[in-house]
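Enquirer: Quick one: sequence and predicted model below, then my questions.
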Amino acid sequence: MEPMSSLETADSQPHSAVSLSPNVPPALRGAESYHVFISYSSSDHQWTHSIISQLESCGLYVCYHERDFTPGRTVLENMSQCIQESQKVLLVLSPEFVRSRWCLLEANMSLFRDCLERKPIIPVLLQPGVSVPLHLCHLTYLEANDPDLMSKLLKVLCTPNQQLQSSTVMPFQPPSIYNGKALQPLIAANDEGLNKWDCGQFSDMEVPDQLRLIIEDQEKYREALRIINSVSQNKVWLRPLWLRAVMYIIGVVVFLGLLGNVAYMAAVLFSHNFMKNQGPAPFCFVSYFSFLSVPLGLIIQLGLWKKDDEKYIVRELQKAVGQANTILCEEKLLMGCRSNSKIYLVYVSLDGCKDEFAETFSEQVGAEDMFHRAMTFFSSGYACCLAKRHFPFPQPSSTGHLEGGVCFCQYVSQQLSRGEWT
């Protein structure tokens, strides 16, 4: 989603026979009762109402929920009616809007898809850093801190819809416009109080709203999560904290016991040899250091146990995510993880990369097997890089299968050249 620095896009469209001045509202036709429906969070009402006052002072008919929703009807029913009765839709994007009112639109994506196909959408970014919803990423937006916001907004609202269809607003389209976009990550249901050596459990009771439009076969999503959740069941050992504490105590006791035994044996051997007026035999030193290596190795292992255990869980989770991606890639969805409680989600098509594997490996069975192995080893890291928009290597000079980014083929090639297998 890119900021709108100007509205040349609207000006570049051919004008209709009846030319309107920039600040003259277009005529309402048919069932239209409003020029614009403004959807916003109640926490942003102060800023929004100042905009509403300015728009209405210019002769525009504005619809908003606090005044124009019909009592006794659901929010979605009111929203649907207001969208149908308005020429355009203005969304005031703020963190609270994305958390609350946007989820209402996502809960009924058929309504929003119809809105995208029929009504121009005008997103206004209330503050920088707002996580723009996936279905708006392809739209040009206005910024609230732009000094020329009102003049630009009036220019859009006073431009007939047919002149905006190919400029500011685009209809709903398949995922090509979302290719490579990050979605909201999944957080483990047991995130609170999760120990670092444990593995998060992710809810598979229902598909999140943001994925309902993307994933056609929702059972694949549940199957993928079952693979990921199996790590907690099969790979985590000594989960209770008290049991780990007991193991540490036993290790320390064993260490002290072995150390005392070594000291005792060394004292006995030394005293025996000196009583016979002999120096310490070479085998005494060998025996001493051999016995000493046992407790030293034990204490080193105990010291590194916790850190190694954390890395082990993340590695196992990454393997499971890779296996899950072999299922989800058919739905153009990839998961990635770098911790035990958070999974990144990205929407990306791997069709071109899969064809590349088929061309590289002559036998079809071999190509599918290599692609499956690449998904298992590399897809988790690739999804994380896409989500964070950062790759551990320079942008490849060659053109890949992901427009403006690094495709999966290029990522695998770079990782293999670096000797990375995770």
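Expert: Here it is on my side, so go on.
Enquirer: Let me know the secondary structure of residue 335.
Expert: Following DSSP: H, G, I helix; E, B strand; the rest coil, we place residue 335 in the strand state.
Enquirer: Is it correct that it is in contact with residue 224?
Expert: Yes - look at residue 335 against residue 224 with CB atoms under 8 Å: they come within range, at 7.2 Å. To be clear about C-beta, it is placed using only N, CA and C from the backbone, and glycine gets the same treatment.
Enquirer: Looking at the two, which has the bigger crowd around it?
Expert: Using other CB atoms under 10 Å as the criterion, residue 335 and residue 224 rank with residue 335 on top: 29 against 25.
Enquirer: which residues sit in contact with that one?
Expert: Going by CB atoms under 8 Å, 6 or more residues apart in numbering, residue 335 touches 186, 224, 228, 321, 324-325, 328, 343-345, 379-380, 383.
Enquirer: Next: residue 344.
Expert: 182, 185, 335-338, 383-384, 387-388.
Enquirer: Quick one: which of these is the most crowded by neighbours?
Expert: Counting neighbours by other CB under 10 Å, residue 335 comes out on top of these with 29 neighbours.
Enquirer: residues bridging contact with residue 335 and residue 224, i.e. touching both?
Expert: Common neighbours of residue 335 and residue 224 (CB under 8 Å, 6+ apart) are 324-325, 328.
Enquirer: List just the nearest of the contacts of residue 335 to residue 39.
Expert: residue 345 (24.9 Å; CB to CB).
Enquirer: for that closest one, helix, strand, or coil?
Expert: With three-state DSSP as the basis, residue 345 sits in strand.
Enquirer: is it true that it touches residue 332?
Expert: No - between residue 345 and residue 332 there is no contact under CB under 8 Å: 11.3 Å.
Enquirer: need the strands for the stretch 151-300 of the chain, in chain order.
Expert: Under the criterion DSSP state E, counting those that start in this stretch, strands of the stretch 151-300 of the chain are mapped to 181-182, 186-187.
Enquirer: quick revisit: more neighbours: residue 345 and residue 332, which one.
Expert: Neighbour tally, residue 345 and residue 332, criterion other CB under 10 Å: the higher count belongs to residue 345, 23 against 20.
Enquirer: Could you find the closest non-adjacent residue to that one?
Expert: residue 183 (4.0 Å; CB to CB, 6 or more residues apart in numbering).
Enquirer: how near is the one you found to residue 33?
Expert: 35 Å (CB to CB, to the nearest Å).
Enquirer: Over to residue 65?
Expert: Distance from residue 65 to residue 33, by CB to CB: 15 Å.
Enquirer: Then residue 342?
Expert: Distance from residue 342 to residue 33, by CB to CB: 45 Å.
Enquirer: just residue 318 next, same as before
Expert: For residue 318, the distance to residue 33 - CB to CB - is 54 Å.
Enquirer: go on, residue 418?
Expert: 61 Å.
Enquirer: So for those two, which residue has more residues nearby?
Expert: Neighbours were tallied for residue 418 and for residue 33 using other CB under 10 Å; the higher tally belongs to residue 33 (16 against 10).
Enquirer: Pretty sure the more buried one sits against residue 87.
Expert: No - using CB under 8 Å, residue 33 is not in contact with residue 87, being 9.6 Å away.
Enquirer: Residues in contact with the longest strand along the chain: which ones?
Expert: Counting residues, the longest strand in the chain under DSSP state E turns out to be strand 86-93. For strand 86-93, the surrounding residues in contact (CB under 8 Å, 6+ apart) are 26, 28, 32-41, 44, 47-48, 63, 83, 97, 115, 119-126, 130, 132, 136, 141, 153, 156-157, 161.
Enquirer: ChimeraX command to pick out the buried ones of those?
Expert: To isolate the buried members of the contacts of strand 86-93 in ChimeraX, using 16 or more other CB atoms under 10 Å:
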select :26,33,34,35,36,37,38,39,40,41,44,47,48,63,83,97,115,119,120,121,122,123,124,125,126,130,132,136,141,153,156,157
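Enquirer: among the contacts of strand 86-93, which are in helices?
Expert: The members of the contacts of strand 86-93 that map onto helices under DSSP state H are 47-48, 83, 97, 115, 153, 156-157.
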